[in-house]
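Asks: Sharing a model that was predicted from the sequence below.
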Amino acid sequence: MNQIRFDLKKAANYDNLARKAVFGYDQLFTMVLSLLNEIQNKPANVLVVGSGTGMELITFGNLMPNWNLTGVDPSEEMIKISQAKIDYHKLNDRVKLKHGYIDNLPESEKFDAATLIFVLRFFPDRKKKLSLFQNIGKRLQPGAKLVIIDQYGDPSIDHFKYLLKAWINFMKLEGVPLELAKRIEAQAMEQSFFTEDELLNLLSEAGFEKPNHFYNSFMHGGWVFQKK
Ligand SMILES: C[S@@+](CC[C@H](N)C(=O)[O-])C[C@H]1O[C@@H](n2cnc3c(N)ncnc32)[C@H](O)[C@@H]1O
């Protein structure tokens, strides 16, 4: 099997698992597009932080032919996988990948919107989250939107525990083998959570305003903010 086909197969495996673990996973990306109404069907420069297997890049790239997209991701494997998808969809002239971190992007290039989808979980403490939001903010035009989706909540409270159990149940009902569902749960619990109040305070401190909570399923939430 050639490398591109191999990477596409790997991408399909990642994406299929995410589909079973996150309610409405595919629709989330069109939902995000629908929130970026000011720049829809207009020429725009959009930043995807933590571009992974390229879900945002491919969905946005295919549906918004006037957009230029930049994906940044520190994982070499994810970069290879998303590049294979970009090649397959013939989006090379408008979709660029940067292997690294947001700090590696020049502050001189300003984006009209940014997304941070299922990435915040890799930022364990307040200081690192704040620095990430500030770094994104420095690269956005005033008024640009930032869309964030991730796991959230307070793992110590009963409400969270109830939703966590329901989430495992959901995965089982969606056909995920119990052992795998348990592994996904263990991995999620090792990663970082935040409360909605913490998120709103951090974003406000980093220079964002007008929060809107647009999505919720079990312990996954989505918000859109605007750069002041
Ligand atoms: C769960 S995947 C989500 C990918 C994609 N956003 C999606 O929703 O399908 C998380 C991605 O974040 C990347 N990541 C981890 N730490 C990061 C960081 N500090 N900056 C940017 N991306 C990071 C990982 O390499 C991985 O590709």
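Replies: Arrived safely, thanks for sending.

Asks: next helix or strand past the helix or strand hosting residue 148?
Replies: Secondary structure assignment for residue 148, by DSSP states H and E: strand 140-151. Later in the chain than strand 140-151, the nearest helix or strand by DSSP H and E is helix 158-173.

Asks: So in the protein, which helix runs the longest?
Replies: In the chain, assigned by DSSP state H, the helix with the most residues is helix 3-21.

Asks: So which bits of that helix are buried?
Replies: 7-8, 10-11, 15, 18, 20-21 (16 or more other Cβ atoms under 10 Å). C-beta: built from backbone N, CA, C; applies to glycine.

Asks: ok, back up a step: say whether the ligand is contacted by the strand holding residue 148.
Replies: No. Strand 140-151 is not in contact with the ligand by Cβ under 6 Å from any ligand atom; minimum separation 7.3 Å.

Asks: which other helices and strands contact that strand?
Replies: helix 25-35, strand 111-117, helix 126-137, strand 220-227 (3 or more Cβ pairs under 8 Å, 6 or more residues apart in numbering; DSSP states H and E).

Asks: The residue of the chain at minimum distance from the ligand in helix, strand or coil?
Replies: Nearest residue of the chain to the ligand (Cβ to the nearest ligand atom) works out as residue 52 at 2.4 Å. Three-state assignment for residue 52 (DSSP: H, G, I helix; E, B strand; the rest coil): coil.

Asks: can you tell me the helix or strand for the nearest residue to it once chain neighbours are set aside?
Replies: In space, and not counting its chain neighbours, residue 52 is closest to residue 78: 5.1 Å by Cβ to Cβ, 6 or more residues apart in numbering. Residue 78 is located in helix 76-88, with elements delineated by DSSP H and E.

Asks: Residue ranges in the protein under the pLDDT threshold?
Replies: 1-2 (pLDDT under 70).

Asks: What residues does it have near the ligand?
Replies: So the chain meets the ligand at 49-53, 55-56, 72-75, 78, 101, 117-119, 122 (Cβ under 6 Å from any ligand atom).

Asks: rerun at 8 Å
Replies: 14-15, 18, 25, 28-29, 48-56, 72-75, 78, 101-102, 115-119, 121-123, 132, 149 (Cβ under 8 Å from any ligand atom).

Asks: The strand holding residue 148 to strand 220-227, inter-axis angle?
Replies: Orientation note: strand 140-151 sits at an angle of 170 degrees relative to strand 220-227 (axes from the mean of the first three to the mean of the last three Cα atoms, to 10 degrees).

Asks: Could you list the paired strands of strand 140-151 along with their orientation?
Replies: Using DSSP bridges, the strands paired with strand 140-151 are strand 111-117 (parallel), strand 220-227 (antiparallel).

Asks: what's the longest helix of the chain packed up against?
Replies: Using 3+ Cβ pairs under 8 Å, 6+ apart: helix 3-21 touches helix 25-35, helix 76-88, helix 178-190.

Asks: Out of those helices, which one sits most buried?
Replies: helix 76-88 (a mean of 19; mean count of other Cβ atoms under 10 Å).

Asks: Report the angle between that one and helix 3-21.
Replies: 110 degrees.

Asks: where's helix 76-88 relative to the chain centroid, distance-wise?
Replies: Centroid separation for helix 76-88 versus its chain: 16 Å, with Cα atoms, centre = their mean, to the nearest Å.

Asks: going forward can the numbers begin at 12, since that is how I track them
Replies: Renumbered: residue one is now 12, and that last one reads helix 87-99.
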